[in-house]
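**Student:** my questions concern the predicted model and sequence given below.
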Amino acid sequence: MDADSSEAWDATVAAVRQYRQALARLSVLPIGEILAETLRKPQSRDTALLVLADVWDEAKRPAVPELLELARGGPGELAWVRQVIRGLPVEVLDEELPGFVGRVIDDPEADYWDFRRAAELLEDLGREELVQRLVTAGRKSDDPDMIEFVEDYDA
(Lines give C-alpha, C1' and ligand atoms only; values in the text may rest on other atoms or scores of the structure.)
Protein backbone atom coordinates (compact mmCIF):
# COMPACT_ATOMS: atom_id res chain seq x y z
CA MET A 1 0.00 0.00 0.00
CA ASP A 2 1.45 3.39 -0.95
CA ALA A 3 1.68 6.27 1.52
CA ASP A 4 -1.52 8.01 0.31
CA SER A 5 -3.51 4.77 0.53
CA SER A 6 -2.09 3.98 3.94
CA GLU A 7 -2.92 7.46 5.22
CA ALA A 8 -6.48 7.25 3.86
CA TRP A 9 -6.95 3.81 5.39
CA ASP A 10 -5.64 4.92 8.78
CA ALA A 11 -8.02 7.90 8.72
CA THR A 12 -10.92 5.55 7.94
CA VAL A 13 -9.97 3.23 10.79
CA ALA A 14 -9.85 6.19 13.19
CA ALA A 15 -13.21 7.50 11.95
CA VAL A 16 -14.88 4.10 12.37
CA ARG A 17 -13.45 3.80 15.88
CA GLN A 18 -14.84 7.26 16.72
CA TYR A 19 -18.21 6.32 15.18
CA ARG A 20 -18.41 3.15 17.30
CA GLN A 21 -17.58 5.11 20.45
CA ALA A 22 -20.32 7.64 19.64
CA LEU A 23 -22.82 4.81 19.06
CA ALA A 24 -21.92 3.34 22.44
CA ARG A 25 -22.73 6.69 24.07
CA LEU A 26 -26.03 6.87 22.15
CA SER A 27 -27.00 3.35 23.23
CA VAL A 28 -28.00 4.57 26.69
CA LEU A 29 -30.22 7.32 25.21
CA PRO A 30 -33.61 7.00 23.46
CA ILE A 31 -31.93 6.24 20.12
CA GLY A 32 -35.16 5.57 18.23
CA GLU A 33 -36.57 8.97 19.11
CA ILE A 34 -33.28 10.66 18.26
CA LEU A 35 -33.17 8.92 14.89
CA ALA A 36 -36.81 9.76 14.10
CA GLU A 37 -36.12 13.42 14.80
CA THR A 38 -32.90 13.51 12.77
CA LEU A 39 -34.55 11.76 9.80
CA ARG A 40 -36.83 14.80 9.54
CA LYS A 41 -33.82 17.11 9.18
CA PRO A 42 -32.14 17.04 5.76
CA GLN A 43 -28.80 18.18 7.20
CA SER A 44 -28.53 15.13 9.50
CA ARG A 45 -30.58 12.57 7.57
CA ASP A 46 -27.58 10.83 6.00
CA THR A 47 -26.10 10.14 9.43
CA ALA A 48 -29.42 8.78 10.71
CA LEU A 49 -29.64 6.50 7.66
CA LEU A 50 -26.11 5.26 8.32
CA VAL A 51 -26.95 4.44 11.94
CA LEU A 52 -30.19 2.71 10.93
CA ALA A 53 -28.34 0.68 8.29
CA ASP A 54 -25.86 -0.45 10.92
CA VAL A 55 -26.67 -3.42 13.16
CA TRP A 56 -30.41 -3.53 13.99
CA ASP A 57 -31.42 -2.89 17.54
CA GLU A 58 -35.04 -2.92 18.70
CA ALA A 59 -34.39 0.44 20.38
CA LYS A 60 -34.28 1.95 16.87
CA ARG A 61 -37.89 0.97 16.12
CA PRO A 62 -39.43 4.38 16.93
CA ALA A 63 -37.58 5.70 13.87
CA VAL A 64 -39.10 3.19 11.44
CA PRO A 65 -42.32 5.12 10.65
CA GLU A 66 -40.28 8.20 9.78
CA LEU A 67 -37.93 6.07 7.67
CA LEU A 68 -40.89 4.64 5.77
CA GLU A 69 -42.22 8.15 5.16
CA LEU A 70 -38.94 9.03 3.46
CA ALA A 71 -39.67 6.25 0.96
CA ARG A 72 -42.41 8.52 -0.41
CA GLY A 73 -39.86 11.23 -1.15
CA GLY A 74 -37.89 12.37 -4.12
CA PRO A 75 -35.08 10.54 -5.87
CA GLY A 76 -32.20 12.25 -4.02
CA GLU A 77 -31.74 9.67 -1.28
CA LEU A 78 -34.53 7.29 -2.22
CA ALA A 79 -32.18 4.45 -3.16
CA TRP A 80 -30.39 4.65 0.19
CA VAL A 81 -33.67 4.88 2.12
CA ARG A 82 -34.95 1.77 0.34
CA GLN A 83 -31.70 -0.06 1.02
CA VAL A 84 -31.99 0.69 4.74
CA ILE A 85 -35.63 -0.45 4.73
CA ARG A 86 -34.70 -3.71 2.95
CA GLY A 87 -32.24 -4.37 5.79
CA LEU A 88 -34.89 -4.18 8.51
CA PRO A 89 -35.93 -7.46 10.14
CA VAL A 90 -38.93 -9.10 8.45
CA GLU A 91 -40.98 -9.00 11.65
CA VAL A 92 -40.47 -5.22 11.86
CA LEU A 93 -41.64 -4.84 8.26
CA ASP A 94 -44.63 -7.12 8.94
CA GLU A 95 -45.68 -4.86 11.80
CA GLU A 96 -44.86 -1.46 10.30
CA LEU A 97 -45.78 -1.68 6.59
CA PRO A 98 -49.58 -1.93 6.99
CA GLY A 99 -49.58 1.27 9.04
CA PHE A 100 -47.40 2.97 6.44
CA VAL A 101 -49.87 2.04 3.70
CA GLY A 102 -52.74 3.29 5.83
CA ARG A 103 -50.97 6.62 6.34
CA VAL A 104 -50.43 7.03 2.59
CA ILE A 105 -54.07 6.23 1.85
CA ASP A 106 -55.41 8.48 4.63
CA ASP A 107 -53.13 11.42 3.83
CA PRO A 108 -55.26 14.11 2.15
CA GLU A 109 -52.07 15.58 0.68
CA ALA A 110 -50.94 12.28 -0.85
CA ASP A 111 -50.74 12.35 -4.60
CA TYR A 112 -49.87 10.08 -7.48
CA TRP A 113 -46.15 10.17 -6.61
CA ASP A 114 -46.75 9.22 -2.99
CA PHE A 115 -48.78 6.22 -4.10
CA ARG A 116 -46.25 5.27 -6.79
CA ARG A 117 -43.22 5.57 -4.49
CA ALA A 118 -44.97 3.54 -1.80
CA ALA A 119 -45.97 0.88 -4.35
CA GLU A 120 -42.41 0.70 -5.70
CA LEU A 121 -41.09 0.08 -2.19
CA LEU A 122 -43.76 -2.51 -1.41
CA GLU A 123 -43.18 -4.29 -4.72
CA ASP A 124 -39.44 -4.33 -3.98
CA LEU A 125 -40.22 -5.94 -0.62
CA GLY A 126 -42.56 -8.53 -2.20
CA ARG A 127 -45.64 -7.11 -0.47
CA GLU A 128 -48.13 -7.35 -3.33
CA GLU A 129 -51.15 -7.46 -1.00
CA LEU A 130 -50.21 -4.02 0.32
CA VAL A 131 -49.67 -2.69 -3.21
CA GLN A 132 -53.22 -3.80 -3.96
CA ARG A 133 -54.52 -1.82 -0.97
CA LEU A 134 -52.99 1.27 -2.57
CA VAL A 135 -54.53 0.35 -5.93
CA THR A 136 -57.96 -0.08 -4.36
CA ALA A 137 -57.69 3.35 -2.73
CA GLY A 138 -56.40 4.87 -5.97
CA ARG A 139 -59.44 3.64 -7.88
CA LYS A 140 -61.53 6.19 -5.97
CA SER A 141 -59.71 9.07 -7.68
CA ASP A 142 -60.56 10.65 -11.00
CA ASP A 143 -57.12 12.24 -11.29
CA PRO A 144 -55.51 11.12 -14.59
CA ASP A 145 -52.17 10.46 -12.90
CA MET A 146 -53.81 8.32 -10.22
CA ILE A 147 -55.70 6.42 -12.91
CA GLU A 148 -52.34 5.75 -14.57
CA PHE A 149 -50.96 4.53 -11.23
CA VAL A 150 -53.91 2.13 -10.86
CA GLU A 151 -53.43 0.84 -14.42
CA ASP A 152 -49.70 0.30 -13.81
CA TYR A 153 -50.15 -1.63 -10.56
CA ASP A 154 -53.51 -3.35 -10.87
CA ALA A 155 -52.93 -7.10 -10.52
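**Tutor:** Here it is on my side, so go on.
**Student:** count the residues that sit near residue 62.
**Tutor:** 16 (other C-beta atoms under 10 Å). Every C-beta, even on glycine, is put in place using the N, C-alpha and C of the backbone.
**Student:** sorry, wrong one. I was asking about residue 26.
**Tutor:** Counted with other C-beta under 10 Å, residue 26 comes out at 14.
**Student:** correct me, but it touches residue 34?
**Tutor:** Yes - using C-beta atoms under 8 Å, residue 26 is in contact with residue 34, at 6.9 Å.
**Student:** spell out which residues sit in contact with the residue lying closest to residue 125 once chain neighbours are set aside, please.
**Tutor:** In space, and not counting its chain neighbours, residue 125 is closest to residue 93: 6.4 Å by C-beta to C-beta, 6 or more residues apart in numbering. Going by C-beta atoms under 8 Å, 6 or more residues apart in numbering, residue 93 touches 85, 125, 127.
**Student:** okay, those in CSV with pLDDT, neighbour count and secondary structure next?
**Tutor:** Formatted as CSV, these follow (pLDDT from 0 to 100; neighbours: other C-beta atoms under 10 Å; DSSP: H, G, I helix; E, B strand; the rest coil):
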residue, pLDDT, neighbour count, secondary structure
85, 96, 23, helix
125, 97, 17, coil
127, 98, 18, coil
